[in-house]
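# Have a look; sequence and predicted model below, questions after that.
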Amino acid sequence: MKIKFLFFLFITYTIQLAAQKKVTSEPFGDKIIFSQFEITIPLKGNDTYGEIDDYGNRSDYMIVPDGISTKFGYGIHHNKWVGLSIHSGIDWKITPKLVSVPVYAQVTFNPIISGETRLLIQSGFGQSFALGRGSLSGNYYKARLGITTDNDISVFLDASFYGFEIHQQEMGSFSLGFSLMTF
């Protein structure tokens, strides 16, 4: 029931934003709505680092990819410096065989550090739902630190915690990602 309600709210909000031709703030006429699309690669420590396999190949990478995630969100901002948005997407992690859907609110701080380069700081809180694992869900937390270029493309490190356990192990991810914000 919770999933249907959250999905209904997200779809309703998305349709409402798509139906508006132009959203402006009254005093300055600036567009205050932004969207964010991101792709992240969860990382994990290589269990076979330094070992040699049957074919004589040595495992030289300390950190290896462990899935892929993609998310999309809409929100409001003030001069690209601060924003509040709602997001959802799909996280896939290979090792624990986990596919989850987080739905969360996110606060963004994006101060200028040099010219048009900005520091990206984002924090989110919401709910995460594991797909194909019954009613497994939990509180979703995320923190992000990165750099945003003058064309609103960001490169970042991301830590996410899903708020539930699988095989007595707390689920979360440490990821490297890219995002595109449209203002």
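Happy to help now that I have it. Numbering: from 1, shown residues only.

# End to end on stretch 122-139, go ahead and measure it.
For stretch 122-139, the first-to-last residue distance is 17 Å (CA to CA, to the nearest Å).

# again, but for stretch 160-175
Taking CA to CA, the span from the opening residue of stretch 160-175 to its closing residue is 8 Å.

# pull the helix or strand with minimum mean pLDDT from the protein.
helix 2-19 (a mean of 52; mean pLDDT, DSSP states H and E).

# following that helix, which helix or strand comes up?
The first helix or strand that comes after helix 2-19 along the chain, using DSSP states H and E, is strand 33-45.

# Show me what the mean pLDDT comes to for the following helix or strand past that following strand.
Scanning forward in sequence from strand 33-45, with DSSP H and E defining helices and strands, the next element found is strand 63-65. Taken as a whole, strand 63-65 has an average pLDDT of 90.

# So what are the sheet partners of strand 63-65 and their directions?
Using DSSP bridges, strand 63-65 pairs in its sheet with strand 33-45 (antiparallel).

# Need the pLDDT of the most centrally placed residue in the chain.
In the chain, the C-alpha closest to the average C-alpha coordinate belongs to residue 71, at a distance of 5.4 Å (CA atoms, centre = their mean). We have a pLDDT of 97 for residue 71.

# In which helix or strand does it reside?
Mapping residue 71 onto the secondary structure by DSSP H and E places it in strand 67-78.

# in that strand, what's buried?
Taking 16 or more other CB atoms under 10 Å as the basis for neighbour counts, the residues of strand 67-78 that come out buried are 67-69, 71, 73-75, 77. Using the backbone N, CA and C atoms, a C-beta is placed for each residue, glycine as well.

# How about stretch 126-146?
By 16+ other CB under 10 Å, the buried positions in stretch 126-146 come out as 126-130, 136-138, 140-142, 144, 146.

# now swap in stretch 155-166 and tell me
Along stretch 155-166, the positions that meet the burial threshold by neighbour count (16+ other CB under 10 Å) are 156, 158, 160-164.

# What about residue 55, how many residues nearby?
The local packing of residue 55 (other CB atoms under 10 Å) involves 5 other residues.
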